[in-house]
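A.B. asks: Below are the sequence and a predicted model; questions follow.
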Amino acid sequence: MKAAVYYETGAPDVFRYEDVPDPAPFPGSVVIDVEAISIEGGDTLNRLGGEMATTPHIVGYQAAGTIREVGDGVTDREIGQRVVGTMLWGSHAERFVVPAATTWVLPDGADVVTCACVPVAFGTADDCLFEFGHLQPGETVLIQAGAGGVGLAAIQLAKRAGATVLATASSDERLERLREFGLDHGINYAQPGWVDEVRTHTDGRGVDLAVDSVGGKVLQGSIACLASRGRAITVGRAGRDPQPLDVSVLSAGNQSLTGVFLGAEIGTERARTMIARLVDDVVAGRLRVLVDRTYPLAEAAAAHAFLESRQAVGRVVLLP
């Protein structure tokens, strides 16, 4: 099969488009003929400097396609089913082996490109807002990096839950495109004073919940945006401006900070049921996936570079 591989971590140009052996199913897994690959934020970070489980390494958490092989012990999946699946690595290829427990069957007629983008982004957003963020109707939420996959999902889910939604992005043009998804107030965090702007939109009170996927200096700002008893969620990091965080600042406002990683629980019945519901919502049109652009798998380097440029609004997808 063909795959986008690399022999060392680094900038997007480490990718090579090469022939590699087909993956073999392990007990409890399925092999998918890949039709669409959603590039996740973690994929770019892993390529930049993460662990290489294999050499050459095939990066990638998530892809959708048709099951071609079923491993020993799998009784609830069969050859020919279309699924979206997640794994620690391996999606940037024509074939992808994943645990059957982290696949979701796609309804007949479902758009495979759209569904390829659902589990990690929407599942993460749902966990941040509700399982760990305890968002309630009438509360105010700040979503950092609102134009990304998790951000767009969180905007829609929070608005649907009856919250007032503030979100940040790196330009006014990107923010404007988020309004149709439920954004109430957009904040350009490339401009100074964005923390003050958040407080202005909340009449000085601050937000009840902040969902931060950026980390570093931005996470400090997210905490500064919290209301009394506000909750902050840190979910991954975009790799910019890393710095220590003084958590003692939380005490004065009886505030909290929680770290969230969907991967730690994605195989649980709770998470599997939650993601299945989100896939159904997207297929039915109750939630939307916005695909900014697609690239051939052979152009994985260009796709990663575009995602890292912070120009995308929504998802970037590879097509084998």
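C.D. replies: Yep, it's here. From a predicted model like this one, the values you see are computed outputs, not experimental measurements.
A.B. asks: just the strands in the stretch 201-320 of the chain please.
C.D. replies: Along the stretch 201-320 of the chain, counting by DSSP state E, counting those that start in this stretch, strands occupy 207-212, 226-234, 256-259, 291-296, 315-319.
A.B. asks: can you redo those as TSV with mean pLDDT, mean neighbour count and distance to residue 37?
C.D. replies: C-beta: built from backbone N, CA, C; applies to glycine. Listed next are the strands of the stretch 201-320 of the chain as TSV, based on pLDDT from 0 to 100; neighbours: other C-beta atoms under 10 Å; distance: least, C-beta to C-beta, whole Å:
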stretch	mean pLDDT	mean neighbour count	distance to residue 37
strand 207-212	98	27	25
strand 226-234	98	21	27
strand 256-259	98	15	27
strand 291-296	98	16	9
strand 315-319	98	23	4
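A.B. asks: for the ones you listed, which one sits closest to residue 190?
C.D. replies: strand 207-212 (16.3 Å; C-beta to C-beta).
A.B. asks: Which secondary structure elements does that closest one sit against?
C.D. replies: Applying 3 or more C-beta pairs under 8 Å, 6 or more residues apart in numbering; DSSP states H and E, one finds that strand 207-212 contacts strand 140-143, helix 216-224, strand 226-234.
A.B. asks: quick one: strands adjacent to the first one?
C.D. replies: The pairing partners recorded for strand 140-143 under DSSP bridges are strand 164-169 (parallel), strand 207-212 (parallel).
A.B. asks: Just give me the residue right at the centre of the protein.
C.D. replies: When C-alpha atoms, centre = their mean is applied to the chain, the residue found nearest the centroid is residue 121 (3.1 Å).
A.B. asks: Correct me if wrong: that residue contacts residue 39.
C.D. replies: No - counting by C-beta atoms under 8 Å, residue 121 sits too far from residue 39 to count as a contact (10.8 Å).
A.B. asks: what's the overlap in contacts for these two?
C.D. replies: Common contact partners of residue 121 and residue 39 (C-beta atoms under 8 Å, 6 or more residues apart in numbering): residue 315.
A.B. asks: Residue 46 - nearest residue in space that isn't next to it in sequence?
C.D. replies: Among residues not flanking residue 46 along the chain, residue 59 sits closest, at 5.2 Å (C-beta to C-beta, 6 or more residues apart in numbering).
A.B. asks: Would you mind giving the strands paired with strand 140-143 as TSV with distance to residue 280 added?
C.D. replies: Rendered in TSV, the data for these read as follows (distance: least, C-beta to C-beta, whole Å):
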stretch	distance to residue 280
strand 164-169	23
strand 207-212	23
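A.B. asks: Which one, of these, ends up nearest to residue 313?
C.D. replies: Once the strands paired with strand 140-143 are compared by C-beta to C-beta, strand 164-169 is nearest, at 8.1 Å.
A.B. asks: Show me the domain layout of this structure.
C.D. replies: Domain assignment of the chain by automatic domain parsing yields the ranges 2-117+289-319, 121-263.
A.B. asks: what's in contact with the longest helix seen in the chain?
C.D. replies: Counting residues, the longest helix found in the chain (DSSP state H) is helix 269-284. With C-beta under 8 Å, 6+ apart as the test, helix 269-284 has contacts from 84, 101-102, 104, 106-107, 110-111, 114-115, 118-119, 122-123, 126-127, 131, 262, 265-266, 287-289.
A.B. asks: Next, format the domains of the chain as a markdown table and append distance to residue 274.
C.D. replies: Conversion of these to a markdown table gives the following (distance: least, C-beta to C-beta, whole Å):
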| stretch | distance to residue 274 |
| --- | --- |
| domain 2-117+289-319 | 11 |
| domain 121-263 | 6 |
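A.B. asks: Pull the helix or strand encompassing the residue nearest to the centre of the chain out as PDB, backbone CA atoms only.
C.D. replies: Following DSSP states H and E, one finds residue 121 within helix 119-126. The C-alpha coordinates for helix 119-126 follow below in PDB (Å, rounded to 0.1, in the frame of the first residue of the first chain):
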ATOM      1  CA  PRO A 119     -15.000  11.100  16.700                       C
ATOM      2  CA  VAL A 120     -11.900  12.900  18.000                       C
ATOM      3  CA  ALA A 121     -13.000  16.500  17.500                       C
ATOM      4  CA  PHE A 122     -16.700  16.200  18.500                       C
ATOM      5  CA  GLY A 123     -16.000  13.600  21.200                       C
ATOM      6  CA  THR A 124     -13.300  15.900  22.700                       C
ATOM      7  CA  ALA A 125     -15.600  18.900  22.500                       C
ATOM      8  CA  ASP A 126     -18.500  17.000  24.200                       C
END
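A.B. asks: How far off centre is that helix?
C.D. replies: When distances are taken as C-alpha atoms, centre = their mean, to the nearest Å, helix 119-126 is centred 6 Å away from the chain's centroid.
A.B. asks: Which neighbouring elements make contact with that helix?
C.D. replies: Contact here means 3+ C-beta pairs under 8 Å, 6+ apart; on that basis helix 119-126 packs against strand 82-86, helix 149-160, helix 269-284.
A.B. asks: Out of those, which gets nearest to residue 179?
C.D. replies: Closest among the helices and strands packed on helix 119-126, using C-beta to C-beta: helix 149-160, at 9.5 Å.
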